[in-house]
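# let's see this in three dimensions:
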Amino acid sequence: MIELEPFLEEDFDRFISWIESEEQLIQFAGPIFSYPLSRDQLTAYIGSDKRRVYRVRLISSGDIIGHCELNFQNSIPRLSRILIGLKQLRNKGIGRHIVTQLLNNIFSSTKFDRVDLSVFDWNLNAIASYSKVGFQINKGLETSMVVGDKTWSAYNMVISKEDYFSICNSDF
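Alright, predicted model coming up:
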């Protein structure tokens, strides 16, 4: 269905075109970028040796449809900045495929036995998708940030290698 390829400078303009508002940028990326997103911000972003940044290609058409990242800045890897850029392809299960490819990458090529992510508590579709793969809310590690005149709360979700492969072998 999809394949992950390195996110390159040639992808910047397409990626920027997917971000239509400050709220959308924060939903997708948290506080790492400022709106409006710029090529300079993306150049610095891909320059980090603590990130593996990918574009998402739909195999059937060859189109680049999304973005994702493996982040190695904390004690365990984090799935970050997962975005289906083409609106008509959202909520069709593609995010689940992205997550499983990222987890397969981590668990088959590194020594890590846990992975986490952060998701806003109101993003019910994303929470459901992550839960189907085996992520669980990590109680007590909630965070929040002010966006405009609202406070957005986020869950930390975590999955172990053992749990992932037991679910992967039974559900996929």
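
# which strand in the protein runs the most residues?
The longest strand of the chain (DSSP state E) is strand 150-160.

# which neighbouring elements make contact with it?
Helices and strands touching strand 150-160, by 3 or more CB pairs under 8 Å, 6 or more residues apart in numbering; DSSP states H and E, are strand 114-120, helix 124-133, strand 136-137, strand 143-147. Quick note: C-beta positions are derived from backbone N, CA and C, even for glycine.

# can you list the buried residues in the longest one?
Spelled out, it's helix 124-133. 126-127, 129-130, 133 (16 or more other CB atoms under 10 Å).

# take the residues you listed and lay them out in TSV including distance to residue 104 and pLDDT.
Below are the buried residues of helix 124-133 laid out as TSV (distance: CB to CB, whole Å; pLDDT from 0 to 100):
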residue	distance to residue 104	pLDDT
126	19	93
127	21	95
129	16	92
130	15	95
133	11	93
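
# circling back to that earlier point, how about the helices and strands packed on strand 150-160, which one is nearest residue 161?
Nearest to residue 161 among the helices and strands packed on strand 150-160 is strand 114-120 (7.0 Å), distances taken as CB to CB.

# and for the closest one, what's in contact with it?
For strand 114-120, contacts defined as CB atoms under 8 Å, 6 or more residues apart in numbering pick out 27, 30, 74, 76-80, 102-103, 106-107, 126-127, 130, 135, 138, 143, 152-161.

# restricting to C-alpha, output stretch 138-151 in CSV.
In CSV, the C-alpha atoms belonging to stretch 138-151 read as follows (Å, rounded to 0.1, in the frame of the first residue of the first chain):
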residue,chain,number,x,y,z
ASN,A,138,0.6,6.0,29.4
LYS,A,139,-1.3,7.4,32.4
GLY,A,140,0.3,10.2,34.2
LEU,A,141,2.4,11.5,31.3
GLU,A,142,-0.3,13.8,29.8
THR,A,143,0.9,17.2,28.6
SER,A,144,-0.8,20.4,27.5
MET,A,145,0.0,23.5,25.5
VAL,A,146,-1.9,26.8,24.8
VAL,A,147,-3.0,27.2,21.2
GLY,A,148,-4.7,30.5,20.5
ASP,A,149,-7.1,30.9,23.4
LYS,A,150,-7.5,27.2,24.1
THR,A,151,-5.5,24.6,26.1
